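> 3D model of this:
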Amino acid sequence: MEWLEVSTEDCPVQRTLDVVGEKWSLLILRDAVNGVRRFDEFRRHMGMSEAVLSDRLRKLTAAGILTTVPYREPGSRARNEYRLTPKGWDLWPVLIALRQWGQTHAPAPGGPVLDVRHTGCGAPVRVVVECAAEHTELTPRDVTARPGAGARRRNAED
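Purely as a prediction, here's the structure:
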C-alpha cells in the first residue's frame, strides 16, 4: 500500500493537532514550561482574553496535559494553578523544535527572546532526530516512511 492509498483518518499528527494544534494552546504550553502557573499570569503575559484562556486551559486540563493545584492567597478565595503533567512535559521537544525552526526561518530582528541552554555545559539546546539504535542527526533522506500496522486503505471516494 502506498501513502496516497492510506487513510489519514487516524493519523497521530492529526490527533495531536486536535488537542494542541491551536496557537493559544501552544503558547500556554510555552509559558507553562517556563514557569507560568496562574490564570492572571498567563493572561497578562500573553495578552489574551479571559474567555479564550479559560477555554484553552479547560481543554488542556481535560486532555491530561495540565493539572490543577489549588492555592489561596491570604484574604482571597481559593484558586487553581496549572501545572504540566508528564504528558504535558512530553510536548517540550515539540516546543523546542518550533523555537528552533522559528529562530532559523523567522528570526526576531533583535535576537532570540528566550535563550535555552544546557545547564551542565552552557551550550544551546537543539532538537535532533535519531533512531532507536541511537544513530543521531538523521535527515529526511536517512529514513524510510511506510504504512504502519494501523494503516487502513483510503476509500476510493476520498
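> going forward, measure contacts and count neighbours with C-alpha atoms only.
Noted.
> center of this structure, which residue is that?
Closest residue to the average C-alpha location of the chain: Leu91 at 4.3 Å, with Cα atoms, centre = their mean.
> ranges for the helices of the protein?
12-20, 23-33, 39-46, 50-62, 86-89, 92-105 (DSSP state H).
> Go through these and pick out the most buried.
helix 23-33 (a mean of 17; mean count of other Cα atoms under 10 Å).
> Against which helices or strands is that one packed?
Counting contacts by 3 or more Cα pairs under 8 Å, 6 or more residues apart in numbering; DSSP states H and E, helix 23-33 packs against helix 39-46, helix 50-62, strand 79-84, helix 92-105.
> quick one: average confidence on it?
Across helix 23-33, pLDDT averages out at 97.
> What is the distance between it and the centre of its chain?
In terms of Cα atoms, centre = their mean, to the nearest Å, the centre of helix 23-33 is found 7 Å from the chain centre.
> What is the helix or strand bottoming out on mean pLDDT in the chain packed up against?
Every helix and strand of the chain was ranked by mean pLDDT, DSSP states H and E. The lowest is helix 12-20, at a mean of 93. Contacting helix 12-20 under the criterion 3+ Cα pairs under 8 Å, 6+ apart are the following elements: helix 50-62.
> Quick one: work out the angle between the helix it packs on and helix 12-20.
Here the directions of helix 50-62 and helix 12-20 differ by 130 degrees (axes from the mean of the first three to the mean of the last three Cα atoms, to 10 degrees).
> Tell me which residues touch Tyr82, please.
Ala32, Arg37, Arg38, Phe39, Leu66, Thr67, Thr68, Val69 (Cα atoms under 8 Å, 6 or more residues apart in numbering).
> ok, it to Arg72 distance?
14 Å (Cα to Cα, to the nearest Å).
> one step back: Glu9: which of the contacts of Tyr82 is nearest?
Leu66 (26.2 Å; Cα to Cα).
> Surely the closest one and Glu81 touch.
No - using Cα atoms under 8 Å, Leu66 is not in contact with Glu81; the gap is 9.6 Å.
> of these two, who's got more company?
The residue with more neighbours, out of Leu66 and Glu81, is Leu66; 24 against 16, by other Cα atoms under 10 Å.
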